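Q: got a sequence here, can you model it:
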Amino acid sequence: MTSGRFVDDPKSLPLFVQPAADVASATPRHVGSVLRMPLAPPQAAAEGVDWQMVASLRAKASDQLSQAVAADRGRLDKTGQQELGRAIVLELIDTAMVDRVNAGSASMSAAEQSRLAHAVFDSLFRLGRLQPLVDDDRIENIIITGHDRVLLELIDGSLLEGPAVADSDEDLIDFLVFLASRSEVNARGFSEAQPRLHLRLDGGSRLAAAAWVTPRPSVVIRRHRLMEVRLDDLVERQMLTPVAASFLSAAVKARRSIVVSGCQGAGKTTLVRALCAEIDPLEAIGTFETEYELHLHELPDRHRIVHPWEARPGSGERGVDGRQAGEFTLDEALVDSFRFNLARQIVGEVRGKEIWAMIKAMESGTGSISTTHASDAVAAVRKLVTCAMEAGPHVTQALATSKLAATVDLIVHLDLQTTTGSAGPTRQRKVAEIIALDPGEKETGYATTHIFSPDANGVATANVLPDAYRALTTYGFDLSGYLLQQGRTS
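A: Now for the predicted structure:
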């Protein structure tokens, strides 16, 4: 009876020999032309697998592996644990095959054993039935509203139905609990007492989940496909015009502080990566995020010096200062960063009081970049004021407004439009507005100028250019093109 052996493929992914299908398409992670091909069934290797058997074998393998790691007193590194896990999985499958034969049942073929071993290993060390979807380079977002209600958003904006990712909602929740507890990068709790989960997966994807407080478990996995992206790439994808791209490029080089706003999934993180690509490769950058999403530190050819900070929520009881043990905030990271000789401070998504980290970064005048959720550019200002006031009663609306007006230079708003055609629903992301923010005549007010406003198609087009921004021509701003968009000649 042959059970095979594990080998590593060129992508260094643990695979079992004789897989029923090749690894997912190896499409490059940078922007390029996208073929709108039908999405093939995610990994035929997962077809025909007895998932109840997988869950049982995973539980046994996990227990044996935990005992072995404990006996080794933590000296076994991740690679060693995976090698030991391979051996444990193979032994368990051999034992299961013997038990089947002794019980009078038919044994599995070598190919079936291969698929079973692959599934158990994925469940033990990777993402189980979700792994084929994450491996498919055509998929950007995995949206789950129940174990059998899965929607896949491709990198070209189209939406497709996906396969079930568990046999039941209970099985899906059980796997999420296991996934949260075993993650090496940032293990979290997930239970009725902690019904929400935000997790950076080992491969860099972001997972958000909720259960017990929702009718069915809800999960969104965001794959960051467009890593090495520039503004020119976004122009090619018709996300913004060449004139708007030249303006934003010049603004970054001139160290203007920028906030990128938009709804969820509008492409804010992608645009920030493209803006950061305009920074000189030798400038020292610090990134401050609740969960790593920008991944600038993984692009050494583009950014030579990156110091990435990630917040840590902490766990257990709160101390006399009201903080949980092990908590590490973005404010603390920012204070530490001033000893790192940074040229740029990039604060990730602003959802609450972490806005003060953004304000501190922008007050340093280094040309910081941040993101936030908002329905339009002006609404983003109101949203940021509200976030600032969440820091406590000592932060008044007047203080928050004056601070923002004095530190934020530009707000770039992204619009996300979903349309349904003969090929199914598609999503189009566009830069719709670019506004300048200035202190108002009163100390507690602010003034906005729409430098670019949405045209009939919702694309940001030249509107009113403050005199102060004409100087951006020194940094490559296409002023002639801007004036032509206004209907005038230079």
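
Q: flag every buried residue along whatever helix or strand Val243 lives in.
A: Using DSSP states H and E, Val243 sits within helix 242-253. Buried positions in helix 242-253, judged by neighbour count with 16 or more other C-beta atoms under 10 Å: Val243, Ala244, Ala245, Ser246, Phe247, Leu248, Ser249, Ala250, Ala251, Val252, Lys253. C-beta here means a position set from N, CA and C on the backbone, and glycine is covered the same way.

Q: Met389 versus Leu330, what's the distance?
A: Per C-beta to C-beta, to the nearest Å, Leu330 is found 17 Å from Met389.

Q: more neighbours: which of the two?
A: Higher neighbour count among Leu330 and Met389: Leu330, with 25 against 19, using other C-beta atoms under 10 Å.

Q: can you name the residues that contact the residue lying closest to that one once chain neighbours are set aside?
A: Leaving aside its chain neighbours, Leu330 sits nearest to Ala357 (4.2 Å; criterion: C-beta to C-beta, 6 or more residues apart in numbering). Residues in contact with Ala357 (C-beta atoms under 8 Å, 6 or more residues apart in numbering) are Phe288, Leu330, Asp331, Ala333, Leu334, Val347.

Q: nearest to Pro215, of the residues you listed?
A: Nearest to Pro215 among the contacts of Ala357: Leu330, at 33.0 Å, using C-beta to C-beta.

Q: from Ser402, how far out is the closest one?
A: For Leu330, the distance to Ser402 (C-beta to C-beta) stands at 22 Å.

Q: just His373 next, same as before
A: Distance, His373 to Ser402, by C-beta to C-beta: 23 Å.

Q: sec struct for Leu334, please.
A: At Leu334 the chain is in helix, as set by DSSP: H, G, I helix; E, B strand; the rest coil.

Q: wait, isn't it in contact with Gln345?
A: Yes: using C-beta atoms under 8 Å, Leu334 is in contact with Gln345, at 7.1 Å.

Q: who has more neighbours out of those two?
A: Taking other C-beta under 10 Å, Leu334 and Gln345 do not tie; Gln345 has more neighbours (29 against 23).

Q: Phe175 touches Leu124, doesn't it?
A: No: using C-beta under 8 Å, Phe175 makes no contact with Leu124, being 11.0 Å away.

Q: those two - which one has more neighbours?
A: Neighbours around Phe175 and Leu124, counted as other C-beta under 10 Å, are more numerous at Leu124. The numbers are 24 against 21.

Q: contact partners for the nearest residue to Tyr446 once chain neighbours are set aside?
A: Spatial nearest neighbour of Tyr446, chain neighbours left out: Ala405 (3.8 Å); criterion: C-beta to C-beta, 6+ apart. Contact partners of Ala405, counting by C-beta under 8 Å, 6+ apart, are Leu437, Asp438, Pro439, Gly440, Gly445, Tyr446, Ala447.

Q: those residues, buried ones only, as a ChimeraX selection?
A: Of the contacts of Ala405, the buried ones can be selected in ChimeraX as follows, counting by 16+ other C-beta under 10 Å:
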select :437,439,446
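
Q: where is pLDDT lowest across the contacts of Ala405?
A: Lowest pLDDT within the contacts of Ala405 is found at Gly440 (76).

Q: where does the residue located most distally from the centre of the chain land in three-state SS?
A: No residue in the chain sits farther from the centre than Gly104, which is 49.0 Å out by C-alpha atoms, centre = their mean. Put simply, Gly104 is coil when judged by three-state DSSP.

Q: where do the helices sit along the stretch 101-250 of the chain?
A: Counting by DSSP state H, counting those that start in this stretch, the stretch 101-250 of the chain has helices at residues 110-125, 131-135, 169-182, 231-236, 242-253.

Q: which of these sits closest to Asp99?
A: Nearest to Asp99, of all those, is helix 110-125, at 13.6 Å by C-beta to C-beta.

Q: against which helices or strands is the closest one packed?
A: Contacts defined by 3 or more C-beta pairs under 8 Å, 6 or more residues apart in numbering; DSSP states H and E place helix 110-125 against strand 14-16, helix 51-71, helix 78-102.

Q: looking at the helices of the stretch 101-250 of the chain, which is closest to Arg216?
A: helix 169-182 (5.4 Å).

Q: what angle separates the closest one from helix 110-125?
A: Helix 169-182 runs at 60 degrees relative to helix 110-125, counting by axes from the mean of the first three to the mean of the last three C-alpha atoms, to 10 degrees.

Q: what comes up buried for stretch 154-171?
A: Using 16+ other C-beta under 10 Å as the test for burial, stretch 154-171 gives Leu154, Ile155, Gly157, Ser158, Leu159, Gly162, Ala164, Val165, Ala166, Asp169, Asp171.

Q: hmm, the third one is touching Thr420, no?
A: No: taking contacts as C-beta under 8 Å, Gly157 lies outside contact range of Thr420: 12.0 Å.

Q: report the set of residues contacting both of these two.
A: Thr426.

Q: returning to that earlier point: max pairwise distance over the contacts of Ala357: which two?
A: Greatest spatial distance in these: Asp331 and Val347, 10.6 Å, computed using C-beta to C-beta.

Q: quick check: neighbours shared by these two?
A: When contacts are counted by C-beta under 8 Å, 6+ apart, the set common to Asp331 and Val347 consists of Glu354, Ala357.

Q: which one of those two is surrounded by more residues?
A: Using other C-beta under 10 Å, the more surrounded residue of Asp331 and Val347 is Val347, with 27 against 16.

Q: partners of the helix or strand hosting that one, with directions?
A: For Val347, the host element (DSSP H and E) is strand 344-350. Here strand 344-350 has these sheet partners by DSSP bridges: strand 284-289 (parallel), strand 369-373 (parallel).

Q: contacts for it, please.
A: By C-beta under 8 Å, 6+ apart, strand 344-350 touches 259, 268-269, 272, 276, 279, 283-290, 293-294, 296, 330, 334, 337, 354, 357-358, 361, 364, 366-373, 384, 387.

Q: if we can go back for a sec, next secondary structure element downstream of the helix holding Val243?
A: Downstream of helix 242-253, the next assigned helix or strand under DSSP H and E is strand 258-262.

Q: where do the helices of the stretch 351-490 of the chain begin and end?
A: Secondary structure of the stretch 351-490 of the chain (DSSP H, counting those that start in this stretch): helices at 355-363, 377-389, 397-407, 479-485.

Q: nearest to Val134, of those?
A: helix 355-363 (30.3 Å).

Q: for the residue nearest to Leu330, give its distance to Lys430.
A: With C-beta to C-beta as the criterion, Ala357 and Lys430 are 29 Å apart.

Q: for Gly440, same thing?
A: 29 Å.

Q: possible to save the contacts of Ala357 as JSON lines with pLDDT and distance to Leu90?
A: Output for these, formatted as JSON lines (pLDDT from 0 to 100; distance: C-beta to C-beta, whole Å):
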{"residue": "Phe288", "pLDDT": "90", "distance to Leu90": "44"}
{"residue": "Leu330", "pLDDT": "81", "distance to Leu90": "45"}
{"residue": "Asp331", "pLDDT": "80", "distance to Leu90": "49"}
{"residue": "Ala333", "pLDDT": "87", "distance to Leu90": "43"}
{"residue": "Leu334", "pLDDT": "83", "distance to Leu90": "48"}
{"residue": "Val347", "pLDDT": "85", "distance to Leu90": "47"}
